[in-house]
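# model this:
(chains A and B)
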There are 2 protein chains.
Amino acid sequence: MNALGRHLLLDLKDCNREVLNDLTLLRDATLFAAQRAGATVLKEYFHQFAPQGVSGAVIIAESHLSLHTWPEHGYAAIDIFTCGDTVRADVAAELLIEKLESKDPAIMEIKRGVLVAQPV
Amino acid sequence: MNALGRHLLLDLKDCNREVLNDLTLLRDATLFAAQRAGATVLKEYFHQFAPQGVSGAVIIAESHLSLHTWPEHGYAAIDIFTCGDTVRADVAAELLIEKLESKDPAIMEIKRGVLVAQPV
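Prediction:
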């Protein structure tokens, strides 16, 4: 089934709560994951909330990665949206699950932009 | 069912192809949608691809909006991820569908971070 985009939704429970509140670590981990997946990073922005929590987005030439954390619940929501065949979204997902030390990770894959072939 | 985040995935087919390649219009529309939905915008970044296509992200205090367009297919993938009860994600979705003039819009809603209540 041809799709323009591949979208991984990671729901990471039971993470390391200190990691979930460490903006620098999360930014470095997300950028590292993007690079190891073979993505081209265009821009990144991360924000530290008070009293806790971090949000971030990395725009890549092949779409984006985003991250939102709730340290008080040990939970992070991460999205890895890619297009084309060159980026290894699964590699980025595995690296981030490992870095956040999630003991209860779930990944959902959704195909975006499934186009019906035109009749010949 | 309690969830930390509410995530709308918009798959917009049969859009106005000129709109899908107009970075300024798309940025203005996304920021307007965020504001009308009651979100607090923290940062935005939009990128024009050659020969066509736009990617963008708006980080809001309540999570994010993202957008990727394929003018050659008349298609846009938009995500509206919110937390809390104050942001009207549905309002943002309706405004963006209207602005992109999609004649075949689909919306999927996914609850993110569904936490099992602790036994009392």
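
# Quick check: phi and psi at residue A:26.
phi -70, psi -40 (degrees, to the nearest 10).

# Tell me the bridge partners for the nearest residue to it once chain neighbours are set aside.
Computed as C-beta to C-beta, 6 or more residues apart in numbering or on different chains, the closest residue to residue A:26 that is not its neighbour in sequence is residue A:54, at 5.3 Å. Where C-beta positions appear, they are placed from N, C-alpha and C, glycine not excepted. For residue A:54, the beta-bridge partners under DSSP bridges are residue A:48.

# pLDDT score for residue A:54?
In this model, residue A:54 is scored at 98, pLDDT.

# swap in residue A:120?
Taking residue A:120 on its own, its pLDDT is 59.

# same deal with residue A:116?
Residue A:116 is assigned 76 on the pLDDT scale.

# that's a strand at it, yeah?
No - Residue A:116: not assigned to a strand; according to DSSP: H, G, I helix; E, B strand; the rest coil it is coil.

# quick one: contacts for it?
The contact partners of residue A:116, taken as C-beta atoms under 8 Å, 6 or more residues apart in numbering or on different chains, number zero.

# any idea how far residue A:43 is from it?
With distances taken as C-beta to C-beta, to the nearest Å, residue A:116 is found 33 Å from residue A:43.

# mind listing what the nearest residue to residue A:97 once chain neighbours are set aside touches?
Among residues not flanking residue A:97 along the chain, residue A:105 sits closest, at 4.7 Å (C-beta to C-beta, 6+ apart). Contacts for residue A:105 (C-beta under 8 Å, 6+ apart) come out as A:10, A:11, A:12, A:13, A:97.

# Three-state assignment for residue A:105, please.
strand.

# go on, the one 5 residues further on?
The assignment at residue A:110 comes out as strand when based on three-state DSSP.

# Report the beta-bridge partner residues of the nearest residue to residue A:1 once chain neighbours are set aside.
Nearest residue to residue A:1, sequence neighbours excluded (C-beta to C-beta, 6+ apart): residue A:114, at 6.0 Å. With DSSP bridges as the criterion, residue A:114 is bridged to residue A:3.

# shouldn't residue A:114 be in contact with residue A:7?
No - applying C-beta atoms under 8 Å as the test, residue A:114 and residue A:7 come out as separate, 11.5 Å apart.
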